[in-house]
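Enquirer: Sequence below, structure please.
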Amino acid sequence: MLSCILGEMPKLSGEVKLCGSTAYVSQSPWIQSGKIQDNILFGKEMDKDRYERVLDACSLKKDLEILPHGDQTVIGERGINLSGGQKQRIQIARALYQDADIFLFDDPFSAVDAHTGSHLFKECLLRLLASKTVIYVTHQVEFLPAADLILVMKEGKIAQAGKYQEILETGKEFMELISAHKDALSALDSISLTELETSSSDKKIENNKTQDNKSSEEANPNIPKGQLVTEEEREKGKVGFWVYWKYITLAYKGTLVPLVLLAQICFQVLQIASNYWMAWAAPVSEDTPPPVSSMVLIYVFVALALGSSLFILARALLLVTAGYKTATILFEKMHLSIFRAPMSFFDSTPSGRILNRASTDQSEVDTSIPYQIGTYAFTIIQLLGIIAVMSQVAWQVFVVFVPMIGLCLWYQRYYIETARELARLVGVCKAPIIQHFAESLTGSTTIRSFGKEPGFKGRNGRLMDDFSRPKFHNAAAMEWLCFRLDVISSLTFAFSLVFLVIIPAGVIDPGLAGLAVTYGLNLNMLQAWVVWNLCNLENKIISVERILQYTSIPSEPPLSTQKDLALNHSWPAHGEIVLDNLQVRYAPQLPFVLRGLSCTFPGGMKTGIVGRTGSGKSTLIQALFRIVDPTVGRILIDNVDICTIGLHDLRSRLSIIPQDPTMFEGTIRNNLDPLEEYTDAQIWEALDCCQLGDEIRKKELKLDSPVTENGENWSVGQRQLVCLGRVILKKSKILVLDEATASVDTATDNLIQKTLRQQFSDSTVITIAHRITSVLDSDMVLLLDNGLAVEHDRPGKLLEDKSSLFSQLVLEYTTRSV
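Expert: Numbers count the residues shown, from 1 in each chain. Take a look at the predicted model:
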């Protein structure tokens, strides 16, 4: 419905009227790469008072204090270095700062904890937007009593409409939603008091230990803290000889190179021989008898021409083979290096840089560079051949040609210093265009809803100008060089002709003089051609230089190790997880996110992890899967240090439903069972367990129903359920739920929780959730704050202590829900 209001869907009938400007907050946060401040301002001028009010309302000030550069911190692509809650609050802040007439919020509070959600609702919707038109879509019914009008949607229609109390009394659809929410809340009262007496080996974590393990950034505030996204690496100065050597020796260890050169030398010898034959055997005049008969002259010439053709064919085939093989090897090396790169590489490298190398630079390697290197080598051989002939028939013309060679080389050195850097700048300036284009496509709905199309078109134009400037100057510099080389060539050839005319008769044979003029013209052109090719080659070879940078990216740890061979196939049998003084950060220049975490998740038990957004919950999960390796400390699973085993053996034994659910282009079947390991019956059973079976059965193609790129034709909630179906099929001993049900309604959440309890009754389940009801039935609860384990005990034990942070979190949730 929100898409229809914004005009993002084709209208079949009816009418939508919007009276005023709009601001839109999407369900999946869309964040631009750039500074946090720029994301909030979104093209508007800075109004300091309004900006501060928006930061307060969105609870962003504390987060900005933690970040190394405050609101000047550069966000990675798609907000990769922010938590889901932080991205959502920046999105809300962007909408509030625009001061629009109509605000559209699509499930704005699902990604934040109970306290933050309550604060956002009161400060943003009820206070700052009190006089505005606000439409908010939510499955969190606790936010509905304050609404002036509630629409209950069912199967694409409005099932009920009215105020909270009115629709509560008049229809069953809304009553079902409220009842499910009340059932979830009743879990708070059902926690048995006997739990309070249950022995717990995992008492509250002593803060003394964690305080001692705080990061070095806190101990020494003078240590500079860097940005996650860095400037693109660009070589400077002369292209190293190793780049050329690496290129020509990559295919078949360079064995084809001498064969290519030999074919060119043979071709050149035969070419010279055919020209020399015609100059010698052809009669100078009708009165002079020819040295050989006409038939002999023709036969010899044809034989030489055929030989030349065969050698040039061999040269072309060898060159294409070597070029194709080299391009393939370079691409495969880059491809492997990128796919084996650690996640930190993708956090700090925008996709535009990768795409630029894989498209523009790879295209140069595929098509231009083999031809360029071949042409340069062939021109050199041709030039040497002509010099050899000229030294025999008319060595006198070198009096003119030698100074010309020196002048051309001087121009080449003068030109290449600038042209080389311009070519590198062209490569660097193209990546931001690709990135901005991809980013604009992803956020097109948000951009249009804010009316920011002109701003983004202008930004695209400026990026194109930034790219066109070095591109134009590079082309202009080449024209500058070509003009001077052509002038020098023309003058040299003119002086050579004058020289041949004025020398006394009999010094040079007339036939050979004609040959000298022909070769003199070629020599003149070839000298300029060699210089031009040398310059152009150095510009093009920069693409190889840039690809080679991406073939040496530091790799992730190995997929398998020797220890994997000794690893039991049933590992992990118990699923016990021990965190020992765990400290984690995303890059050496960034502050620690986890600051000395020590606790144990008992095998076969359910542990809920709660905490404010940005407290380190998702980072802990990334460390468990070794998406980011511990800087200090270790993680043990069934007494095995996960850093000592291969990534494949670790990750294949764990399952996760991530915070940002991922679906791949293809079909439902492909997404649930990509390796085709399960039967249709097992897949349908998993779909029924995750409450998607009925939805899929309604579709004509059933399990072969299409999934578009990123699963855009499925809602975020449905994508999360598909991820749930994957883990149900896999049935791992350790399961991680990272906000697994954040985007589904309470009734569906209750059913999913019941399914998980049944399907994973013997597994270790770690649940990160902002819905308190999702972790209340856990055996243990871990509360994180600022990367530290503040509380870790049974829920009943923590609730007994009214001063505990967990008790306050539950109280906040229940108060908000009453």
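
Enquirer: Could I get the full set of helices for the stretch 451-600 of the chain?
Expert: Remark: helices assigned in the stretch 451-600 of the chain by DSSP state H, counting those that start in this stretch are 453-502, 510-549, 562-566.

Enquirer: most neighbours per residue, which of these?
Expert: Most buried of the helices of the stretch 451-600 of the chain, by mean neighbour count (mean count of other Cβ atoms under 10 Å): helix 510-549, with a mean of 20. C-beta: built from backbone N, CA, C; applies to glycine.

Enquirer: so who does the residue nearest the centre of the chain touch?
Expert: Nearest to the mean C-alpha position of the chain, counting by Cα atoms, centre = their mean, stands residue 351 at 3.6 Å. The contact partners of residue 351, taken as Cβ atoms under 8 Å, 6 or more residues apart in numbering, are 77, 434, 435, 438.

Enquirer: Count the residues that sit near residue 617.
Expert: With neighbours defined by other Cβ atoms under 10 Å, the count for residue 617 comes to 27.

Enquirer: isn't it right up against residue 623?
Expert: No: contact between residue 617 and residue 623 fails when scored by Cβ atoms under 8 Å: they sit 11.1 Å apart.

Enquirer: hang on, isn't residue 706 packed against residue 667?
Expert: Yes: taking contacts as Cβ under 8 Å, residue 706 lies within contact range of residue 667: 6.2 Å.

Enquirer: neighbour-wise, which of those two wins?
Expert: Using other Cβ under 10 Å, the more surrounded residue of residue 706 and residue 667 is residue 667, with 15 against 12.

Enquirer: Can you check what pLDDT the model gives the closest residue to the more buried one other than its chain neighbours?
Expert: Using Cβ to Cβ, 6 or more residues apart in numbering and skipping the chain neighbours, the partner closest in space to residue 667 is residue 704 (4.8 Å). Note on residue 704: pLDDT of 88.

Enquirer: who touches the residue lying closest to residue 365 once chain neighbours are set aside in this structure?
Expert: Among residues not flanking residue 365 along the chain, residue 327 sits closest, at 4.8 Å (Cβ to Cβ, 6+ apart). Taking Cβ under 8 Å, 6+ apart, we find residue 327 in contact with 362, 365, 366, 370.

Enquirer: State the helix or strand in which the nearest residue in space to the first one that is not next to it in sequence lies.
Expert: Just to be clear, that refers to residue 362. Excluding its sequence neighbours, the residue lying closest to residue 362 (Cβ to Cβ, 6+ apart) is residue 331, at 5.8 Å. Residue 331 belongs to helix 294-339 when assigned by DSSP states H and E.

Enquirer: Mean confidence (pLDDT) on that helix, please.
Expert: 91.

Enquirer: After it, which helix or strand is next?
Expert: For helix 294-339, the following helix or strand on the C-terminal side (DSSP H and E) is helix 343-348.

Enquirer: Can I get that following helix as PDB, trimmed to CA atoms?
Expert: This file holds the C-alpha atoms of helix 343-348, laid out as PDB (Å, rounded to 0.1, in the frame of the first residue of the first chain):
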ATOM      1  CA  MET A 343      34.900  -9.800   5.000                       C
ATOM      2  CA  SER A 344      37.000  -6.800   6.100                       C
ATOM      3  CA  PHE A 345      38.000  -6.300   2.400                       C
ATOM      4  CA  PHE A 346      34.300  -6.000   1.300                       C
ATOM      5  CA  ASP A 347      33.600  -3.700   4.300                       C
ATOM      6  CA  SER A 348      36.200  -1.200   3.200                       C
END
